[in-house]
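# When you get a sec, could you give me coordinates for this:
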Amino acid sequence: MGLIKICGVRTTEAGLAAAEAGVDLIGFVFVPKSPRQIQAEVAADVVTDIKQGCYDGGLEPPRFVGLFVDPGETLLAETAPFLNFFQLHGHEDEARVEEIGTMFGLDVIKAIPVGEAGDFDGLSGFAEAADMLLFDARPPKGADLTGGNGVAFDWSLLSDYQEETPFLLAGGLTADNVGEAVTLSKVNKAFAGVDVSSGVESKPGHKDAALIKAFAKTARAAVGPPVPDRPIQDGPVEDNL
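Predicted coordinates for the structure are as follows:
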């Protein structure tokens, strides 16, 4: 069993395409420099529309993730009511990761940039503080963004991760290479799934429904059936809470 996450969604149409493709997690980027940035109030409406569309279509709604870089409490408080996870890509240390999860009662995913085997050293603190880790390719020199750069790292390095906290794999994934990526990642028992952003876009910030469908189909065949216990609500969504 494994998770499939589509990150950087900005529209209801893209979110419903992901839900219809059977993805488990949909991510929103709350980072000003990103071409995938979305405002909190817009994301709240998109979540409501996605959930309503799922109910209308007889689909199980995905869960929702907010991506942040060194966020303040105000932004976290604005987004927490419609999210299931916070995903942190900044300079947050172990104490800050744990503090955010405790303060808002949400699970926390901590992103770890990877470029070489040594990047897996000293992760026990983050593994304890976070509910899940995300291993993403270390940004190219001079890059403005901490993720979503469309580059991959050597997936065989994942065998060096020694902690038990589950992890998602990100960085340069597409429908063409996700099968190989999962095969190499599964050597580690903590592997939990895959995360894609630029690999399902026609251009930066613009998700492509056909690419989402192709990625989800190939990824599902590789990671296995969805992780159980995804929350199902009983009826139409009247608001964002």
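
# any idea how far residue 214 is from residue 21?
As judged by Cβ to Cβ, to the nearest Å, residue 214 and residue 21 stand 9 Å apart. (C-beta placed from N, C-alpha, C; glycine too.)

# Residue 127 now?
Relative to residue 21, and taking Cβ to Cβ, residue 127 is found at 30 Å.

# and the lengthiest strand in the chain, how far out from the chain's middle?
In the chain, assigned by DSSP state E, the strand with the most residues is strand 107-114. On the basis of Cα atoms, centre = their mean, to the nearest Å, strand 107-114 sits 9 Å off its chain's mean C-alpha point.

# Parallel or antiparallel, list what pairs with it.
Pairing partners of strand 107-114, with direction, according to DSSP bridges: strand 85-88 (parallel), strand 132-137 (parallel).

# Quick check: neighbours of the following helix or strand past the longest one in the sheet, parallel or antiparallel?
Read in the C-terminal direction, the helix or strand following strand 132-137 is strand 167-170, with elements assigned using DSSP states H and E. The strands beside strand 167-170 in its sheet (DSSP bridges) come out as strand 132-137 (parallel), strand 191-196 (parallel).

# Would you mind putting the CA coordinates of the helix or strand following strand 167-170 into PDB?
With elements assigned by DSSP H and E, the helix or strand that comes after strand 167-170 is helix 178-185. C-alpha atoms of helix 178-185 as PDB (Å, rounded to 0.1, in the frame of the first residue of the first chain):
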ATOM      1  CA  VAL A 178       7.900   6.700 -11.200                       C
ATOM      2  CA  GLY A 179       7.800   3.000 -11.600                       C
ATOM      3  CA  GLU A 180      11.600   2.800 -11.400                       C
ATOM      4  CA  ALA A 181      11.700   5.300  -8.500                       C
ATOM      5  CA  VAL A 182       9.300   3.200  -6.500                       C
ATOM      6  CA  THR A 183      11.200   0.000  -7.200                       C
ATOM      7  CA  LEU A 184      14.300   1.500  -5.800                       C
ATOM      8  CA  SER A 185      12.500   3.200  -2.900                       C
END
